[in-house]
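Visitor: Sequence first, then the predicted structure:
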Amino acid sequence: MLERGHQYDGKFKFEAWLFAIARNLVIDWQRQKKTQSLDALTDPEQGAPMEFADEDDPSPLHLVLSREQESTVQASLGKLQTIYREVLLLRFQEELGLAEIAAVLGAPISTVKSRLYRGLEDLRGLLAEKSA
C-alpha cells in the first residue's frame, strides 16, 4: 500500500483497492514458490522422509470396525446354547476338523455337523438382531 499509494484514484472503495493489492501479492508469492517432490517432505521431529501407510496394513478404521464386530460376535456366542457354542468354538477358534471335534465331544460326526449347522443358524439370527 505504501509503495502503490500514489496509484489510488478514489474511483473505487479503498478496501477493494487494498484487497486487489493483497490478492496480487499472493499470486506473485505463489508463482515464486518452488514445487517440492514428495521425497523432499520430511517429518519435522525426526528429519526423516515422511512414511506413508502400507497398503497391506489395515487402516485404523478397519481395526476399530474389526474390534466392534468381534465384540458383537463374542456377545452373541455367549447367548447360544452350550452344545452349539462349544462346537463353533472348536471349529472356528481352535480350527479343529469335524473328526477331531467328534473325538473331543465323544459324539458322532453327524451330531457335530448338525450342531455346527444349527449353531451357525442361531448365531446368524442373533447377529441379525444386533444389526437391526
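Guide: Received it, and whenever you're ready, just let me know what you need. Residues are numbered from 1 along each chain as shown.
Visitor: Quick one: list the elements packing against the longest helix anywhere in the chain.
Guide: Longest helix in the chain by number of residues (criterion: DSSP state H): helix 109-131. Helices and strands touching helix 109-131, by 3 or more Cβ pairs under 8 Å, 6 or more residues apart in numbering; DSSP states H and E, are helix 60-79, helix 82-88, helix 98-105. Just so you know, the C-beta spots here come from the backbone N, C-alpha and C atoms, and that holds for glycine as well.
Visitor: For those helices, please prepare CSV with the additional fields mean pLDDT.
Guide: Compiled in CSV, those are given as follows (pLDDT from 0 to 100):
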stretch, mean pLDDT
helix 60-79, 85
helix 82-88, 92
helix 98-105, 91
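Visitor: so which of those comes closest to T111?
Guide: helix 98-105 (7.5 Å; Cβ to Cβ).
Visitor: ok so, going back, is it possible to get JSON lines of the helices and strands packed on helix 109-131 that adds distance to E15 and mean neighbour count?
Guide: As requested, the helices and strands packed on helix 109-131 are exported to JSON lines (distance: least, Cβ to Cβ, whole Å; neighbours: other Cβ atoms under 10 Å):
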{"stretch": "helix 60-79", "distance to E15": "45", "mean neighbour count": "12"}
{"stretch": "helix 82-88", "distance to E15": "72", "mean neighbour count": "17"}
{"stretch": "helix 98-105", "distance to E15": "81", "mean neighbour count": "15"}
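Visitor: Of these, give the one that comes closest to Y117.
Guide: helix 82-88 (9.4 Å).
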